[in-house]
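[1] Okay, sequence plus prediction incoming.
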Amino acid sequence: MSGVVIIGAGHAGSQLAVSLRAEGYAGAVTLIDASDALPYHKPPLSKTFLKDPAALPQPLRAASAYKAAGVTRLTGTVTAIDTAAQTVTLHGAALDYDHLVLATGARNRMLPDLAGAANVHSLRDLADAERLRAALADAAHVVVIGGGFIGLESAAALAAMGKTVTVLESAPRVLARVAAPETSARVEATLAGLGVTIRTGFSAGGFTRQGDRIHAVQGAQDTVPCDLLLVGIGAQADTALARAAGIACNQGILTDSHLATSAPHVWAIGDVAETPHWQADAPLRVESVQNATDQARHLARHLAGAAPAAFCTVPWFWSDIGPLKLQIAGLALGADRRVLRDDGARLAVFHLAGDRLVSVETLNSPADHMIARQLLDAGLTPPDAFMQDGAPAMKAWLAQA
Ligand SMILES: Cc1cc2nc3c(=O)[nH]c(=O)nc-3n(C[C@H](O)[C@H](O)[C@H](O)COP(=O)(O)OP(=O)(O)OC[C@H]3O[C@@H](n4cnc5c(N)ncnc54)[C@H](O)[C@@H]3O)c2cc1C
């Protein structure tokens, strides 16, 4: 078949397949995924999808878009890569490639003690979401383990469905790895207002089982009963195929700044790729829709003939937690100072490393988020007073900077 073979039809793989043709790539494009579902948006799975029993997956693009771009979609799990022969194995047969793109995403972490329990769930793909949604009919008290994005989005959705929801987080605050204390506090207060119980500093010490079901989570002081457990403790890159093929991996598949892996003609994009980042000293794995689609578009341009260029964009991310829209632009790595703008309804947290703006978190303040992206893109930092005054002031400052 040759041409470009893409393993994984998630946000990254699907975007790459159509962008290749849009950029003028003339060869064959083959998009392979383990699931036969038309590639779909993942973010709604922990937000709107759970709440509406009739909700359907939202396709990333219509089936006709792949057809129009001449993309061959194949279903099945790729089981091996031979980088010397330039083939992958699908259903026991070898498939040739000129270029191979690994867009295999990530898999959820699971607590080993919970393996095999019938009422334990996690959320990564459509099958997980459908299984969870079906099980919710018989669950009154849901315990969410993990106060990260997916856990908190789901907790808000479940509370809106009338479930009694308890979030157990081992850190002293939710979103501790990814957000400022002010953001965490506002998120915790909002969830509490929705009726969600948040237990921070809670280390799950064990689980009470009856048959194949978990009935309670044991903490240091007490136990928390549950009908259903949702585990949201993060994900790890799906590197198994690459490792078995001898491709260099760390937490993810290592790439250079052009998204090339250690094997000739093999590339990695999206959640699975660990890539040099202009804001960090070491390669990073970034889990976001924007990173996946921007890396796909970047690689498409190169495979279609553009000169190689370093992938370098301002990362941004969003999360909908009940009534809160959390948006983050840039990376807060190395930040040592924060400037706040808080009018009660909206919050903006500006992270600075020395005098340099490196990241901005906002809650229900899209205008601040948009201007923050422009500032980060331009490498500009307004005086504190402009950040405290909000988007119009920063816009005016940027116009004359
Ligand atoms: C519930 C949920 C909510 C999210 N919400 C947000 C949000 O609000 N905002 C945001 O920015 N990001 C969000 N994300 C993260 C975002 O969805 C990911 O960053 C994005 O999906 C990454 O795209 P990807 O293509 O790299 O991986 P994926 O979309 O995970 O796709 C990987 C694909 O590879 C396939 N695959 C793996 N191995 C093989 C194999 N051997 N053979 C064939 N196929 C294979 C898998 O089946 C899968 O379809 C969310 C993620 C989840 C799970």
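    That came through, no problem.
[2] if I look at S184, how far off is the ligand?
    Relative to the ligand, S184 is positioned 17 Å away (C-beta to the nearest ligand atom, to the nearest Å). C-beta coordinates here come from the backbone N, C-alpha and C atoms, glycine included.
[3] That residue looks like it's in a strand, true?
    No. Using DSSP: H, G, I helix; E, B strand; the rest coil, the secondary structure at S184 is helix, not a strand.
[4] what is the mean pLDDT for stretch 94-101?
    Mean pLDDT, stretch 94-101: 98.
[5] and if you look at stretch 152-167?
    For stretch 152-167, the per-residue pLDDT averages 97.
[6] Can you give me the end-to-end span of that stretch?
    Terminal residues of stretch 152-167 are spaced 8 Å apart (C-alpha to C-alpha, to the nearest Å).
[7] Name the residues that touch that stretch?
    46-48, 50-51, 123, 136, 139-144, 146-147, 151, 174-175, 187, 191, 194-199, 224, 226, 230, 232, 319-322 (C-beta atoms under 8 Å, 6 or more residues apart in numbering).
[8] one more time with 6 Å, if that's ok
    46-47, 50-51, 140-144, 147, 194-198, 224, 230, 321-322 (C-beta atoms under 6 Å, 6 or more residues apart in numbering).
[9] same thing with stretch 388-401?
    By C-beta under 6 Å, 6+ apart, the list of residues contacting stretch 388-401 from outside reads 341, 367-368, 371, 380, 382, 386.
[10] out of those, which one sits closest to the ligand?
    The closest of the contacts of stretch 388-401 to the ligand turns out to be D368 (C-beta to the nearest ligand atom; 18.0 Å).
[11] would that closest one count as being in a helix?
    Yes. Checked against three-state DSSP, D368 lies within a helix.
[12] Could you list which residues are in contact with the closest residue to the ligand within the stretch 201-350 of the chain?
    Closest residue of the stretch 201-350 of the chain to the ligand, C-beta to the nearest ligand atom: G270 (2.2 Å). Going by C-beta under 6 Å, 6+ apart, G270 touches 12, 103, 292.
[13] V286 too?
    P315 are the contacts of V286 under C-beta under 6 Å, 6+ apart.
[14] before we move on, the earlier item: and the contacts of stretch 152-167, which of them are buried?
    Using 16 or more other C-beta atoms under 10 Å as the burial test, the contacts of stretch 152-167 include 46-47, 50, 142-144, 147, 194, 196, 198, 224, 230, 321-322 as buried.
[15] Mind checking which of those land in helices?
    L50 (DSSP state H).
[16] could the buried ones among the contacts of stretch 152-167 go into TSV alongside pLDDT and distance to the ligand?
    Below are those laid out as TSV (pLDDT from 0 to 100; distance: C-beta to the nearest ligand atom, whole Å):
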residue	pLDDT	distance to the ligand
S46	96	4
K47	92	7
L50	94	10
V142	98	16
V143	98	18
V144	98	13
G147	97	15
L194	98	18
V196	98	18
I198	98	20
V224	97	23
L230	98	11
I321	98	10
G322	97	13
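[17] what two of the buried ones among the contacts of stretch 152-167 have the greatest distance between them?
    For the buried ones among the contacts of stretch 152-167, with distances taken as C-beta to C-beta, the pair at the greatest spread is K47 and V224 (24.3 Å).
[18] Could you confirm whether the top helix by length along the chain reaches the ligand?
    Longest among the helix segments of the chain by residue count, using DSSP H, is helix 289-303. Yes. Applying C-beta under 6 Å from any ligand atom, one finds helix 289-303 touching the ligand at 289-290, 292.
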